[in-house]
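# I'll drop the sequence and a predicted model, then ask my questions.
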Amino acid sequence: MVSFMQQHSALNFIAMEDTRWKKFKLCGDYNVDLRSLYLAWSTPAGLEKWFLRKADFYTVPQRLRANDEQIAKEDTYTWYWHGHHNDIFEKGRILEANGQDLLKFSFTGGSIVTVSFSTRNGLTIIDLEQTDIPQENDPAKNLLVQCQIGWTFYLANLKSVMEGGKDLRNKRVELNSCFK
């Protein structure tokens, strides 16, 4: 005979959603001041230094932001990647940008990326969390895995560029087939 508690526990278990494949969090420590790292994420020129080939941000009235101008909440963006032609791009919206230590933006597949900055033990810490990742049955299209791999590389490249000046990105379109 199954007790009421066993039945009730089973019902709660069924009702709980498995979120392991819908979000992830990464963090990195940087021997760089917080302001410089925030600007590396919040200006077109900053993002192009370590992350993107081209970062276009548009204000609400659709004015293209200058390379050294900080992004703001409700800006939209079009991002272009090194190693790819202009037909490969990402479009999204800035959901939050407080000018100091927090950025939040829409990303691929309708997911949300939150980047927060803090200091600890003389280092700047970046916490990156991607949430609302759609589930995919095809492992080759699994956004959680692909984005986690991508962000891990780009956080390492940010460290390399900001601390040592070495950019690790593939910038050659003709080599893109090596990575498929």
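In hand now; what should we look at?

# which SSE is K159 in?
Counting by DSSP states H and E, the element that carries K159 is helix 143-164.

# before we move on, what about E96?
With DSSP H and E as the criterion, E96 is inside strand 89-97.

# beyond that strand, next helix or strand please.
Next helix or strand after strand 89-97 toward the C-terminus (DSSP H and E): strand 102-106.

# what lines up beside that following strand in the sheet?
As defined by DSSP bridges, the strand partners of strand 102-106 come to strand 89-97 (antiparallel), strand 112-120 (antiparallel).

# pull out the buried positions in the helix holding K159.
143-144, 146-148, 151, 154-155, 157-159, 161-162 (16 or more other CB atoms under 10 Å). Every residue, glycine included, has its C-beta placed from N, CA and C.

# residues near V173, how many?
By the criterion of other CB atoms under 10 Å, V173 has 12 neighbours.

# from memory it sits against G83, does it?
Yes - assessed by CB atoms under 8 Å, V173 is found in contact with G83 at 6.0 Å.

# intersection of neighbour lists for the two?
Taking CB atoms under 8 Å, 6 or more residues apart in numbering as the contact criterion, no residue touches both V173 and G83.

# helices or strands up against the helix holding K159?
For helix 143-164, the elements it packs on are strand 24-30, helix 34-42, helix 44-50, strand 123-131, judged by 3 or more CB pairs under 8 Å, 6 or more residues apart in numbering; DSSP states H and E.

# mean pLDDT and distance to G92 added to those, as a markdown table?
Output for these, formatted as a markdown table (pLDDT from 0 to 100; distance: least, CB to CB, whole Å):
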| stretch | mean pLDDT | distance to G92 |
| --- | --- | --- |
| strand 24-30 | 97 | 18 |
| helix 34-42 | 98 | 14 |
| helix 44-50 | 98 | 13 |
| strand 123-131 | 98 | 12 |
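
# pLDDT weak spots in the chain?
1-18, 139, 175-180 (pLDDT under 70).

# how much space between the residue positioned nearest the centre of it and E174?
The centroid of the chain falls nearest to V113 when counting by CA atoms, centre = their mean (5.1 Å). Per CB to CB, to the nearest Å, V113 is found 30 Å from E174.
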